[in-house]
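[1] everything below, folded, please.
(one chain, ligands or ions: 1)
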Amino acid sequence: MPLLYADILPSTLTIDDLINEVKTYRPADTEMIKLAYDFAADAHQGQLRKSGEPYIVHPLAAAFLLAKLKIDPSLVVGALLHDVPEDTQVTIEEIEKNFGADTAAMLRGVTKLGKLKYRGVERYIENLRKMFVAMAEDVRVMIIKFADRVHNLSTLDALPKEKRQRVAMESMEIYAPIANRLGMAEFKGMLEDLSFQHLHPKEFSRVKEMRDKFLAGQEAYLEKIMGMIRAELSKNGVRVLDVHGRKKQLYSLYQKLVKKGWEKEQVYDIIALRIIVEDMSDCYAALGIVHKLWRPLKGRVKDYIAQPKPNGYRSLHTTVFAEDGRVVEFQIRTKAMHEEAEYGVGAHWHYDERGAKLPAKDIGWAKELAKIQQEVLVNLSDVDELKVDFFQNRIFVFTPRGDVIDLPENATPIDFAYHIHSEIGNKCSGVRVNDQLVSLDTPLKSGDVVAVITDKNRKGASPDWLKIVKTHHAKTHIKSSLKNTSLNNWLKYILPKKK
Ligand code: MN
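    Model (predicted):
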């Protein structure tokens, strides 16, 4: 997989490129892709991107990325249609009529997630990440959002600087960590490197130059090492499916360099060699053979098969002194582990070169997903005592600017107002939820956009509010406001009037 998406994107991308790509792994599904393209092109007719190109270029590019990664054609269809409900006159009902309930459900998720905005306010980060996972409900929605975001990041230049920064920061702080937690290394790498380029252009060039220099002239050497290990493995009856090299992603190399004080000799995995074998026992056999050929570095053997990383990553790692004493890292895994390492929870929607998919897990996939989601939600939380059921009883609502506020179930606009600021609460005179004026005791639902109307002449909280609020926070502030008001009323009588 090339580093930056722009490298694999043809400069004039057409529907035929997309069809040809899907043909390489799912020839039977190309008809549907064509229909979705025509439908989307029609809906976006006359719309232009900031770059001046016809709008359809964007969904087509997002779909092409998924096809390049050999992702299930139902998601390629989703990517083609992903901006239709939000940005055109065509409704989700019409999509449902043409492409079925499943596609429509997926696109509802994509549209909902489109509301999320991160503006660099630290205290919203965790909420946003949780929100993203909770609202997506479906891993496919996230995969489509990642493809959408990768293309947007690779075409950021057409946007004003401020917007560029916001999108890059949001991708780095929200999208990439989620891709990581879901074990989607492929997307994590692209999202990080594309954002890195915009957020820290100087460091990006420095690291890229360093890596390119390191790679130059290594190819012949690595070919030789790969040839040697291939021969030795087959001589010993280890069933090898593939041996290949992978270069470290730039942002992850950057982080490592920073940690090691920019001494690149301390970074052993700028390139790693991967050995993909048939089953788990072949993994350990292969590790033994690597160690028989070359002496391992002390403390560098890692068994992530026996002890997977928190995001589910499994592999054996070892670093050896290979020919001429040069240091080389090996990563050994089965085909299934490899798919899971690259696509994480999305592995089930990925096809290999032969058009085969990872089998669904033995328990129902829906159940599996629900479990994964809960785990992610728990993992995403920094608070240890935060329980899943705690989270299930939370709702997430938006400010009109798109910031996410986390409240308990059945919280009211008054809770929301006090959450923003105690003065907003005290001066609250009305509220709009999704642009509709509603009463102050209306329970809020996840995804509501809440705008508080304040009245600066308002004296303070109303005692009635105590009966309708759900949060301790709001109660405390209402009580103290009531105390102040009655105190002020009383003081009015004994103190001389202010001039
Ligand atoms: Mn889009």
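[2] and the gap between T442 and the ion?
    T442 sits 32 Å away from the ion, going by C-beta to the ion, to the nearest Å. The way it works is simple: take the backbone N, C-alpha and C, and place the C-beta from them, glycine included.
[3] these two touch, right, that residue and Q436?
    No - using C-beta atoms under 8 Å, T442 is not in contact with Q436; the gap is 9.4 Å.
[4] who's more crowded, those two?
    The residue with more neighbours, out of T442 and Q436, is T442; 15 against 8, by other C-beta atoms under 10 Å.
[5] now do the SS call for that one.
    coil (DSSP: H, G, I helix; E, B strand; the rest coil).
[6] likewise the one 4 residues further on?
    Following three-state DSSP, the label given to S446 is coil.
[7] surely it is in contact with F398?
    No - using C-beta under 8 Å, S446 is not in contact with F398; the gap is 9.7 Å.
[8] outline the domain layout of the protein.
    Structural domains assigned to the chain are 5-198, 208-349, 392-494, following automatic domain parsing.
[9] returning to what we had before: comparing S446 and F398, which residue is more hemmed in?
    Legend: neighbour count by other C-beta under 10 Å for S446 and F398, higher for F398 (20 against 17).
[10] please, which helix or strand holds the residue nearest to Q249 when sequence neighbours are not counted?
    Spatially, and ignoring its direct neighbours in sequence, Q249 is nearest to G189 (4.2 Å; C-beta to C-beta, 6 or more residues apart in numbering). Element membership of G189, judged by DSSP states H and E, is helix 185-199.
[11] in that helix, what's buried?
    Going by neighbour count (16 or more other C-beta atoms under 10 Å), the buried part of helix 185-199 is 185-199.
[12] how many neighbouring residues does the closest residue to P54 other than its chain neighbours have?
    Among residues not flanking P54 along the chain, L48 sits closest, at 6.4 Å (C-beta to C-beta, 6+ apart). L48 has 11 neighbours, counted by other C-beta under 10 Å.
[13] residues of the stretch 51-200 of the chain that sit close to the ion?
    83, 148 (C-beta under 5 Å from the ion).
[14] could you list the low-pLDDT ranges of the stretch 51-200 of the chain?
    For the stretch 51-200 of the chain, the stretches with pLDDT under 70 are 116, 119-124, 126-128, 130-137.
[15] try it again at 50.
    Across the stretch 51-200 of the chain, nothing is flagged by pLDDT under 50.
[16] can you give me the helices for it?
    If you assign secondary structure with DSSP state H, counting those that start in this stretch, the helices in the stretch 51-200 of the chain sit at 57-68, 73-81, 84-87, 92-113, 125-136, 139-154, 161-170, 176-181, 185-199.
[17] go on, the stretch 251-400 of the chain?
    Using DSSP H, counting those that start in this stretch, the helices of the stretch 251-400 of the chain run over residues 280-293, 335-343, 365-380, 388-392.
[18] the residue of the stretch 101-250 of the chain found nearest the ion: neighbouring residues, count only.
    Using C-beta to the ion, D148 is the residue of the stretch 101-250 of the chain that sits closest to the ion, at 4.1 Å. Neighbourhood size, D148 [other C-beta under 10 Å]: 23.
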